[in-house]
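K.L.:
Turn this into a structure:
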Amino acid sequence: MPSLSVTGIGKNGVRTPGRPILAGGAVVTRAHPLRGTEVVIIHRKRYDDWTLPKGKVEAGESLPACAVREVQEETGVTIRLGVPLDSISYEAGNAGAKKVDYWGGVVLDSVRRAPDAEVDVVSWLPVRAALARLTYSHDHFLVQQYLDQPPTTPLIIVRHVKAMDRKDWSRKDATRPLNTRGRRQAKILSPMLSAYGVTALVSSTSTRCISTLMPYAHQHELNLETYSQLSEEEGENDPKGVSGLIRKIRAATLKSGQPTAVCVHRPVLPHILDALDIVPITLGTGEFLVAHLTAEGTVHALERHRAQD
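P.N.:
Okay, here's the model as predicted:
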């Protein structure tokens, strides 16, 4: 399993001395009926090179959202992120050090992109032809790395965003709402979930979990399934109930092929991770894990991100 990486919101525009410029990109493939697997690559007029789509994070943007946006802008292809690939670091002239995080990209839609001053040619090429044309050896490595990965479906485990303090809420704890910071975090979380193409939503019955996913549900017109077994009140002391439900959610995710997000509480997380055979991890409010599941239900790769306000 690849090592766990932590990313949050990019701080583009003000570069911290000694830290690299952050960017995101993807290796995007498709199946052609005659030519087999094809890879999309771009020609940049300014540099006269052939490379994979990538670009810098914008202010307030996460790396996963950046990777999806850059692929769409540079190729016209809309993707969801698949497995994380290696990061590439290099010196970018006077701009200094640059670090690019890459993912595999699963095609959702595609439109023809008009040439411009940045990218003048977009080409879908068979793997061998793409490797022959790509300018940089690290791009060759990333293509080969992605082709070696099995097909996966993401199951995302979210710890709810920041809620009001318990001492400030006199009603049932299950109805405790988000505070101002939590509402900001929930909005930031939405494009991060979108980057993984989430189309199924599951939550504890508690208000703070439902409210964490609601901005995304409204934006994408999705239903939100709720289960009391995932609530702090029931789930903390019922590991078998939680594990059984998570295994059912995993099975449904794999059967449907729908990337799924599940929002829960800190005391319930150990039971969920145990059911998925993930080592214990403590998540802060607004943090989430992306478990990339193989067809057999095993976790092939694991990511950790946070909705950082």
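K.L.:
what about the strands in the stretch 51-200 of the chain?
P.N.:
Ranges of strands in the stretch 51-200 of the chain, per DSSP state E, counting those that start in this stretch, are 54-56, 77-91, 97-110, 119-126, 153-159, 200-204.
K.L.:
Minimum distance to residue 33: which of those has it?
P.N.:
strand 119-126 (12.4 Å; CB to CB). Yep, even glycine has a C-beta here, placed from its N, CA and C like the rest.
K.L.:
Which of the residues in that closest one are classified as buried?
P.N.:
119, 122, 124, 125 (16 or more other CB atoms under 10 Å).
K.L.:
ok, so of those, who is nearest residue 276?
P.N.:
Using CB to CB, the buried residues of strand 119-126 come closest to residue 276 at residue 124, 35.3 Å.
K.L.:
Spatially nearest residue to the most centrally placed residue in the chain, not counting backbone neighbours?
P.N.:
Residue closest to the average C-alpha location in the chain (CA atoms, centre = their mean): residue 196, at 4.5 Å. Once flanking residues are discounted, residue 196 sits nearest to residue 154: 4.8 Å by CB to CB, 6 or more residues apart in numbering.
K.L.:
Out of the strands of the stretch 51-200 of the chain, which gets nearest to residue 30?
P.N.:
strand 97-110 (5.2 Å).
K.L.:
who does the closest one pair up with?
P.N.:
The pairing partners recorded for strand 97-110 under DSSP bridges are strand 21-32 (parallel), strand 77-91 (antiparallel).
K.L.:
tell me the most buried of those strands?
P.N.:
strand 21-32 (a mean of 21; mean count of other CB atoms under 10 Å).
K.L.:
Between strand 119-126 and it, find me the angle.
P.N.:
Between strand 21-32 and strand 119-126, the angle comes out at 50 degrees (axes from the mean of the first three to the mean of the last three CA atoms, to 10 degrees).
K.L.:
send the alpha carbons of strand 21-32 over as PDB?
P.N.:
Listed next in PDB are the C-alpha coordinates belonging to strand 21-32 (Å, rounded to 0.1, in the frame of the first residue of the first chain):
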ATOM      1  CA  ILE A  21       5.300  25.500  -5.600                       C
ATOM      2  CA  LEU A  22       2.500  22.900  -5.400                       C
ATOM      3  CA  ALA A  23       0.800  21.500  -8.500                       C
ATOM      4  CA  GLY A  24      -1.500  18.600  -9.600                       C
ATOM      5  CA  GLY A  25      -1.800  16.500 -12.600                       C
ATOM      6  CA  ALA A  26      -3.000  13.100 -13.900                       C
ATOM      7  CA  VAL A  27      -2.200  10.200 -16.200                       C
ATOM      8  CA  VAL A  28      -5.500   9.800 -18.200                       C
ATOM      9  CA  THR A  29      -6.200   6.700 -20.300                       C
ATOM     10  CA  ARG A  30      -9.100   5.300 -22.300                       C
ATOM     11  CA  ALA A  31      -9.900   2.100 -24.100                       C
ATOM     12  CA  HIS A  32     -10.000   2.400 -27.900                       C
END
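K.L.:
Pull out the buried residues from the next helix or strand after it.
P.N.:
Using DSSP states H and E, the helix or strand that follows strand 21-32 towards the C-terminus is strand 36-44. Under the neighbour-count criterion of 16+ other CB under 10 Å, strand 36-44 has 38, 39, 40, 41, 42, 43, 44 buried.
K.L.:
again with stretch 233-250
P.N.:
Buried-residue list, stretch 233-250, by 16+ other CB under 10 Å: 233, 234, 235, 236, 238, 241, 242, 243, 245, 246, 249, 250.
K.L.:
Same question for stretch 296-309.
P.N.:
Quick answer for stretch 296-309 (16+ other CB under 10 Å): 299, 300, 301, 302, 303, 305, 306, 307, 308, 309.
K.L.:
Residue 23 versus the residue nearest to residue 87 when sequence neighbours are not counted, what's the distance?
P.N.:
With sequence-adjacent residues excluded and distances taken as CB to CB, 6+ apart, residue 87 is closest to residue 101, at 4.9 Å. Look at residue 101 and residue 23: by CB to CB, to the nearest Å, they are 7 Å apart.
K.L.:
returning to that earlier point: need the strands paired with strand 97-110 in JSON lines with distance to residue 264, can you?
P.N.:
Shown next, in JSON lines, are these (distance: least, CB to CB, whole Å):
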{"stretch": "strand 21-32", "distance to residue 264": "27"}
{"stretch": "strand 77-91", "distance to residue 264": "22"}
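K.L.:
Present those strands as CSV; the columns should include mean pLDDT.
P.N.:
Output for the strands paired with strand 97-110, formatted as CSV (pLDDT from 0 to 100):
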stretch, mean pLDDT
strand 21-32, 97
strand 77-91, 96
